[in-house]
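# just a sequence and a predicted model for now, questions to come.
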Amino acid sequence: MDKVVIVGGGWSGCAAAVAARKSGCQVVLLERTDMLLGTGLVGGIMRNNGRFTATEEAIAMGFGDIFKLVDDNCRHTNIEFPGHKHSSLYDVGTIEPIIKKYLLDLGVEIHFESRIVDVDMKENSIKKVIIDDDTFFRGDVFIDTTGTAGGMANCKKFGNGCAMCVLRCPTYGGRISITAKTGVTEIIGVKDDGTVGAMSGSCKLFKESLAPHIVEELDKNGVVVVPIPKEQIDTKKLGKKACQQYALKEYAENVILLDTGHAKLMAPFYPIENLRSLPGMENARFEDPYSGGKGNSMRYLGMAPRNDALQVEGVDNLFCAGEKAGLLVGHTEAIVTGSLAGFNAARVCLGLDPVILPDTTVIGDAISFVRSEMETEEGRGKKYTFSGSVLFDRMKERGMYTTNIAEIKNRVAESGLADLDVKKEIKAAVKPKAS
């Protein structure tokens, strides 16, 4: 059986594994740490703004497995918070075992604590990836979903130092890019001021450390907004964030909490004594990152040059997804790119050409638009998400943002992309033998 090897078990790696496995390939998923989902372990926001449209497009294309599991695990649905409508908040404490079980039940081979340190190349193709104990995994096609965050040296050089986030580089070692190991020169993102990278945009607080009335409101409504004293307002923080969809004045003038099991604090970091000066937060404690009073992880420090099929330029059998595929921010963005990368990796394994999604879909347009934007100096200074800022504005300008599911399904069908299935395509191409 043809083998797809995926390096990185975040949302994009998991989505790639599902798509490749359902397409009929043997799938090996290699994860650096001891759990799947990466920043998805502390994320939690889905379906807000244009992410609703992208999610329903993916479901209509046949890439809906992960989204449906998330929908079934939400603490809150159809909520609003500043700048965002019809949002869902999944439970970060329970989602990872659900995804892991689904992958294993599909027959995906998962290897934890498998940090790739090198690749073995022949001409322009990867033959195997080597992990840090010198064992290796061979494959026919590979997918790089290693992300762009960390390691500790990058967080110190471009941020405020290691904040001990959920990526846990001190324990499992920093991220190593498969794309970079092939010799491909990666693309570096920048902040508004031109400095390198961008800081993760939120933290987690233990709900138990907050006042009972805040916890009660979080449990009931999913969101709490606490005004900040004027002397604590710092608008400069907004320009440091990877999540530019939350770079609104409301996020500088208020502490905004969302209920994802823990209390998601919508700020890249917040000095603990300032946080504890706010009513109801006198005993607040950070759950992620542990040093959330000082800083957060630095991201967008190495993206792959790729085409619109998500193939890495210069390597014949390497695809990419998630943040590795560009300046795309968020779980939805990771899942849809992961699904396409896994689907296309399987197609190449099985002797078919990869698919490029047309710009008549929001997913196809985003993949193409972000790729072209990354080729410009100005574009590398921005971040792109279906839920806000540049990409969401583009969706609205093109009349593509909608929450009408029937309309979304029709759009996908008219683009010829409904229920994509490699196995059916191959079966249809095989001519029956003459009797």
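Now that the structure is in, tell me what you want to look at. Numbers count the residues shown, from 1 in each chain.

# burial count for Lys156?
13 (other C-beta atoms under 10 Å). Just so you know, the C-beta spots here come from the backbone N, C-alpha and C atoms, and that holds for glycine as well.

# ok, it - contacts?
When contacts are counted by C-beta atoms under 8 Å, 6 or more residues apart in numbering, Lys156 touches Cys162.

# next one, pLDDT for it please.
With respect to pLDDT, Lys156 has a value of 94.

# how does this structure divide into domains?
As assigned by automatic domain parsing, the chain contains the domains 3-194+298-426, 198-288.

# need the winner for burial among those domains.
domain 3-194+298-426 (a mean of 21; mean count of other C-beta atoms under 10 Å).

# ok, residues contacting stretch 411-418?
Everything outside stretch 411-418 that qualifies as a contact, by C-beta under 8 Å, 6+ apart, is Glu57, Ala60, Met61, Gly62, Leu357, Pro358, Thr360, Thr361, Gly364, Met400, Lys409.

# stretch 169-179 too?
So stretch 169-179 is contacted by 7, 32-34, 113, 115-117, 119, 126, 129, 132, 142, 144, 146-154, 162, 164, 167, 186, 302, 304, 312, 315, 318, 320, 324 (C-beta under 8 Å, 6+ apart).

# related to what we said a few turns ago, worst average pLDDT in the domains of the chain?
Note on these: lowest mean pLDDT is at domain 198-288, with a mean of 88.

# how about Val348, nearest residue that isn't a chain neighbour?
Val141 (5.3 Å; C-beta to C-beta, 6 or more residues apart in numbering).

# for Ala16, that is, sorry about that
Using C-beta to C-beta, 6+ apart and skipping the chain neighbours, the partner closest in space to Ala16 is Gly342 (3.4 Å).

# ok, the one you found touching Thr145?
No - the pair Gly342 / Thr145 is not scored as a contact, 9.4 Å apart, by C-beta atoms under 8 Å.

# now the common contact residues for the two.
Ile6, Ala16, Ala321.

# so how far is Ser87 from the first one?
Distance from Ile6 to Ser87, counting by C-beta to C-beta, to the nearest Å: 29 Å.

# need the distance between the two termini of stretch 187-196.
11 Å (C-alpha to C-alpha, to the nearest Å).

# outside of it, which residues touch it?
148, 158, 197-198, 239-240, 299-305, 326-327, 374, 380-381, 383.

# quick one: it to chain centroid distance?
19 Å (C-alpha atoms, centre = their mean, to the nearest Å).

# and if you look at stretch 341-360?
20 Å.

# dump it to CSV, keeping only the CA atoms.
What follows is stretch 341-360 as a C-alpha-only set of coordinates in CSV (Å, rounded to 0.1, in the frame of the first residue of the first chain):
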residue,chain,number,x,y,z
ALA,A,341,-2.7,18.4,1.6
GLY,A,342,-3.6,14.9,2.7
PHE,A,343,-6.0,14.5,-0.2
ASN,A,344,-3.4,15.6,-2.7
ALA,A,345,-0.7,13.5,-1.1
ALA,A,346,-2.9,10.5,-1.6
ARG,A,347,-3.6,11.4,-5.2
VAL,A,348,0.1,11.6,-6.0
CYS,A,349,0.7,8.3,-4.2
LEU,A,350,-2.0,6.7,-6.3
GLY,A,351,-0.8,8.2,-9.6
LEU,A,352,-3.2,11.1,-10.0
ASP,A,353,-2.5,14.8,-10.4
PRO,A,354,-3.1,17.0,-7.3
VAL,A,355,-6.2,19.2,-7.1
ILE,A,356,-6.1,23.0,-7.0
LEU,A,357,-9.3,24.3,-5.5
PRO,A,358,-10.8,27.1,-7.6
ASP,A,359,-11.3,30.7,-6.3
THR,A,360,-15.0,30.1,-6.6
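
# re earlier: show me what contacts the residue nearest to Ala16?
Here Gly342 is in contact with 4, 6, 15-21, 23, 27, 143, 321 (C-beta under 8 Å, 6+ apart).

# A helix includes it, no?
Yes - judged by DSSP: H, G, I helix; E, B strand; the rest coil, Gly342 forms part of a helix.

# and it, how far from Cys25?
9 Å.

# okay, and the common contacts of those two?
Val4.

# what sits against Cys14?
Leu29, Leu36, Leu37, Ile66, Ile99, Leu103, Ile335, Gly338.

# so the fifth one sits in a strand?
No - if the criterion is three-state DSSP, then Ile99 is helix and not within a strand.

# which residues touch it?
Contacts of Ile99 (C-beta under 8 Å, 6+ apart): Cys14, Leu36, Leu37, Ile66, Leu69.

# how near is the spatially closest residue to Ala153 that is not a sequence neighbour to Glu377?
Nearest residue to Ala153 in three dimensions, chain neighbours excluded: Gly174, at 7.2 Å (C-beta to C-beta, 6+ apart). In this view, Gly174 and Glu377 are 27 Å apart by C-beta to C-beta.

# many thanks, we can stop here.
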